[in-house]
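Visitor: this one's sequence-less:
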């Protein structure tokens, strides 16, 4: 997906829906984060990882069945690709939160909001293009001029 495809109505609608669904997943993520950090007194990185994992499952189900309605690839391949894209998002989220809390001394939820906002762009592109369309291997091969 290139920049021009972000300008069409279909992709814009998908992005708006993605933001809503990501918002719902973020509510799940944040509730688990706060519970794990304040009630279970887990480390920030572990609380963040637990919250993110719960949000990730919510996000997959909502986007697969409601937003993208993707049926072109097997569900196992979609889950695998979703997991890879989400793990990259997890690493980015946890790293950004650690940076914001430890070095910029931001409050936990402010750090979370900033991290989510930054990682959302990566996640939309990754899930729209890789998870629910062509897959990682096909994407790379198409960019290298190889047949999938």
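Guide: Cool, the structure landed. Since we're looking at a predicted model, the values are computed, not measured. Numbers count the residues shown, from 1 in each chain.
Visitor: contacts and neighbour counts: CA atoms only from here.
Guide: OK.
Visitor: Which parts of this structure are helices?
Guide: Applying DSSP state H to the chain gives helices spanning 9-34, 44-62, 75-98, 108-125, 136-144.
Visitor: need the contact list for the residue nearest the centre of the chain.
Guide: Central residue check for the chain by CA atoms, centre = their mean: the C-alpha nearest the mean position is that of residue 123, 4.0 Å away. Shown in contact with residue 123 (CA atoms under 8 Å, 6 or more residues apart in numbering): 85, 86, 89.
Visitor: again, only using 7 Å
Guide: 85, 89 (CA atoms under 7 Å, 6 or more residues apart in numbering).
Visitor: Relative to residue 10, how far out is it?
Guide: 18 Å (CA to CA, to the nearest Å).
Visitor: Go ahead and name everything in contact with stretch 124-136.
Guide: 1, 68, 70, 78, 81, 82, 85.
Visitor: Give the residue spans of the chain that score low on pLDDT.
Guide: In the predicted model, the chain carries pLDDT under 70 at residues 1-7, 147-148.
Visitor: quick one on the thing from earlier: from the contacts of stretch 124-136, which would you call buried?
Guide: Among the contacts of stretch 124-136, those classed as buried by 16 or more other CA atoms under 10 Å are 68, 70, 78, 81, 82, 85.
Visitor: Please convert the residues you listed to a markdown table, extending it with distance to residue 127.
Guide: A markdown table is the format used below for the buried ones among the contacts of stretch 124-136 (distance: CA to CA, whole Å):
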| residue | distance to residue 127 |
| --- | --- |
| 68 | 9 |
| 70 | 11 |
| 78 | 9 |
| 81 | 8 |
| 82 | 6 |
| 85 | 7 |
